[in-house]
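In: give me the fold of what follows.
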Amino acid sequence: MSEQTDLRETVRARYATAASSVLAGSAANDCCGPQPVELDDNFGSTLYTGAERDELPAEAVAASLGCGNPTAVAELRAGERVLDLGSGGGIDVLLSARRVGPTGKAYGLDMTDEMLALARANQAKAGATNVEFVKGTIENIPLPAGSVDVVISNCVINLSVDKPAVFAETFRVLVPGGRIGVSDVVAEDTLTAEQRGERGSYVGCIAGALSITEYRAGLDAAGFTDIEITPTHQVADGMHSAIIRARKPEAVSN
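Out: Numbers count the residues shown, from 1 in each chain. Below is the predicted model:
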C-alpha cells in the first residue's frame with residue numbers, strides 16, 4: 001500500500017505544481033496570458049480545435065495536460081449529465097457544459113486542491129452555471145449510483161494506482177445504457193510492464209498505462225459492453241493515445 005500511496009502523492013504533487021504554475025503565470029503576465037504547461041505536441045491544448053480553445057478562459061487551455069479530446073469522443077447531447085474523471089483545470093468540463101446545455105450538467109472530479117481552485121476560477125470566468133467541481137479520487141467517486149449519463153476522462157486513468165476500482169466505480173455511477181468516452185494512453189500488447197517503464201515515467205502517463213488487451217479486459221470485468229479501443233497517435237515507442245468507448249448494458253441494476 002505504501003508504494004501506491006507514494007505514486008498517488010507523486011501524481012498529486014505534479015498536477016498541483018502545474019496548477020500553481022498557471023495561476024502564477026496568469027497573475028504575472030496579464031498582457032500575454034498564462035503560459036501552457038503541456039510537455040510536447042502529443043499532450044495538451046494543441047489536441048483541441050482553435051474554436052474550442054477560443055471558447056474558454058486562457059487558464060483552462062493553459063492547464064490542459066491530456067492526450068486527446070474526450071468531449072468530441074463522447075458525442076455529448078443536450079440535457080445529458082456528464083462526469084469528467086480527473087478534471088484538472090476544467091477544459092473538458094467547460095466544453096462539456098456547453099454541449100449538454102442548460103438542461104444538462106457537467107461534473108468535474110479531481111483530488112488536487114490547486115487544480116480544483118483553478119477549475120472553479122475558470123468556471124467563474126466562463127460564466128458556466130451548469131457545472132460542479134467535486135473533490136475526490138477516481139477510485140472512489142463521490143456521486144450516487146446511476147447519477148450520470150456519460151463519463152469522460154483525458155489521460156488520467158493511466159495514472160490510477162487501482163484501475164479495476166476506477167472501472168467499477170465508473171460502471172456504478174452510470175445509468176443503465178450510459179456510456180464512456182475516454183482518451184487515454186495504452187501500450188501495444190507486445191510491451192511488458194518493464195518496457196513501458198523504460199519509455200517514460202508513471203507521472204508522465206507512460207509507465208502506468210495498460211496494454212490494449214488489459215484495458216479491454218478491465219472494462220469487460222467491470223460489466224461494460226460494446227468496448228472499442230482505437231489508437232490515434234503515438235506518444236512513445238509502442239505507446240499510443242487512444243479513444244476508448246464502452247457502454248453499460250440497459251438491463252443492469254446498480
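In: every contact and neighbour count from this point should use C-alpha atoms.
Out: Noted.
In: what does the host helix or strand of E198 contact?
Out: Using DSSP states H and E, E198 falls within helix 193-199. For helix 193-199, the external contacting residues (C-alpha atoms under 8 Å, 6 or more residues apart in numbering) are A187, I206, A207, G208, A209, A236, D237, M239.
In: could you rerun that using 7 Å?
Out: Contacts with helix 193-199, where a contact means C-alpha atoms under 7 Å, 6 or more residues apart in numbering, come from I206, A207, A236.
In: wait, which of those is closest to L109?
Out: I206 (21.8 Å; C-alpha to C-alpha).
In: ok, which stretches of this structure are strands?
Out: Here the chain has its strands, by DSSP state E, at 81-85, 105-110, 131-135, 148-154, 174-187, 210-211, 225-236, 239-247.
In: and the contacts of the last one?
Out: Contacts to strand 239-247, defined as C-alpha under 7 Å, 6+ apart, come from residues 67, 73, 177-188, 224-235.
In: what do you get if the cut-off is 6 Å, keeping everything else the same?
Out: 67, 178-187, 224-234 (C-alpha atoms under 6 Å, 6 or more residues apart in numbering).
In: next one: the shortest one
Out: Contact partners of strand 210-211, identified using C-alpha under 6 Å, 6+ apart, comprise V186, A187, E188, D189.
In: quick one: buried ones out of the residues you listed?
Out: V186, A187, E188 (16 or more other C-alpha atoms under 10 Å).
In: confirm for me that the last one is in contact with V235.
Out: It stands for E188. No - using C-alpha atoms under 6 Å as the test, E188 is too far from V235 to be in contact (11.7 Å).
In: tell me how far the helix holding E198 lies from the chain's centre.
Out: 22 Å (C-alpha atoms, centre = their mean, to the nearest Å).
In: then stretch 76-92?
Out: That offset, for stretch 76-92, works out to 9 Å (C-alpha atoms, centre = their mean).
In: how about low-confidence regions in the chain?
Out: For the chain, the stretches with pLDDT under 70 are 1-3, 7-8, 10-13, 15-68, 252-254.
In: residue ranges of the helices in it, please?
Out: 2-28, 50-54, 58-62, 70-73, 91-100, 113-126, 163-173, 193-199, 212-222 (DSSP state H).
In: partners of V186 in the sheet?
Out: Applying DSSP bridges to V186 gives these bridge partners: L210, H240.
In: show me what contacts it?
Out: Contacts for V186 (C-alpha under 6 Å, 6+ apart) come out as A209, L210, S211, I212, M239, H240.
In: any chance of those residues in a markdown table with neighbour count and distance to A168 as columns?
Out: Listed next are those as a markdown table, based on neighbours: other C-alpha atoms under 10 Å; distance: C-alpha to C-alpha, whole Å:
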| residue | neighbour count | distance to A168 |
| --- | --- | --- |
| A209 | 27 | 18 |
| L210 | 25 | 16 |
| S211 | 22 | 18 |
| I212 | 22 | 18 |
| M239 | 25 | 25 |
| H240 | 24 | 24 |
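In: okay, these in TSV with distance to I157 next?
Out: Shown next, in TSV, are the contacts of V186 (distance: C-alpha to C-alpha, whole Å):
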residue	distance to I157
A209	8
L210	9
S211	13
I212	13
M239	15
H240	14
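In: quick one: which of the residues you listed is nearest to G101?
Out: Nearest member of those to G101, counting by C-alpha to C-alpha, is H240, at 32.1 Å.
In: show me just the buried residues among the contacts of strand 239-247.
Out: 67, 178-187, 224-225, 227, 229, 231.
In: can you put the buried ones among the contacts of strand 210-211 in a markdown table and add distance to G200?
Out: Supplementary listing: the buried ones among the contacts of strand 210-211 in a markdown table, determined by distance: C-alpha to C-alpha, whole Å:
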| residue | distance to G200 |
| --- | --- |
| V186 | 13 |
| A187 | 12 |
| E188 | 14 |
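In: excluding sequence neighbours, find me the nearest residue to P176.
Out: E250 (4.5 Å; C-alpha to C-alpha, 6 or more residues apart in numbering).
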